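Q: Quick check, what structure comes out for this input:
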Amino acid sequence: MVKTKSSLPVTRAGPPATLTTSKRFCDPNADLILKSSDGVQFHVYRKYLEACTGGFPPAEFPVSGEVVKLSEPAKVLEILLQFIHPQRQPSVRDMDIDLFFSLAEAAEKYEVYGAMNTCNNRMYHLVDLRSMEILNYAVKHGYPDLANTVAPETVLDQQCLVNATAKLSHPGVLGGWVCDYPNNERI
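A: Now for the predicted structure:
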């Protein structure tokens, strides 16, 4: 801090931070800039967001050149935003499982319809790997068929009650799971 003649402290900023822009989403003509939690900017078109999502304001909503800060890291947004552009959608088939679950949550949060459907369908193939997380996801986001498919798998683990209390975080899921546990045909 530097003291000025008026004795008010003035904070001098250091050198400006280097802006990082996604290589895929860097069109200077885009009308909206989204910024990831780790500082990467994504230049996107609001008309695509409006057409393919339910979680962003419509294109008529003024943004006045503001940068919209999102809570997801760049690696999640890089994949998520591919679902809104007129191009082949990315595959989630061999994606790192933790990245996949982050993508699935972001797809639900911003209502990116193509990603929501793709992630929901992929969950059925991951039931044996992450049954508790999938049950939590299914109930939280309103996928009863997925919840009914995965629920029996959650009782196969020897430490299922410990896992249930740690992973079933959406309100009401743990209570429902515990109540249904004795009725499960697999135990």
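Q: Looks to me like S22 is in a strand.
A: Yes - with the criterion set as DSSP: H, G, I helix; E, B strand; the rest coil, the secondary structure at S22 is a strand.
Q: Would you list the phi and psi of V68?
A: Main-chain dihedrals, V68, degrees, to the nearest 10: phi -90, psi 120.
Q: Tell me who's in contact with the residue nearest the centre of the chain.
A: To find the centre residue of the chain, average its C-alpha atoms and take the closest one (Cα atoms, centre = their mean): that gives A106, at 1.6 Å. Listed by Cβ atoms under 8 Å, 6 or more residues apart in numbering, the contact set of A106 reads E72, V76, L77, L80, V112, A115. In this view, the C-beta of every residue, glycine as well, is placed from N, C-alpha and C.
Q: measure it to L19 for me?
A: To L19, A106 is 22 Å away according to Cβ to Cβ, to the nearest Å.
Q: What is the least confident helix or strand in the protein?
A: For the chain, the helix or strand with the lowest mean confidence is strand 9-10, at a mean of 40 (criterion: mean pLDDT, DSSP states H and E).
Q: Of the contacts of A106, just say which sits nearest to P28.
A: Within the contacts of A106, proximity to P28 (Cβ to Cβ) peaks at L77, which comes in at 18.6 Å.
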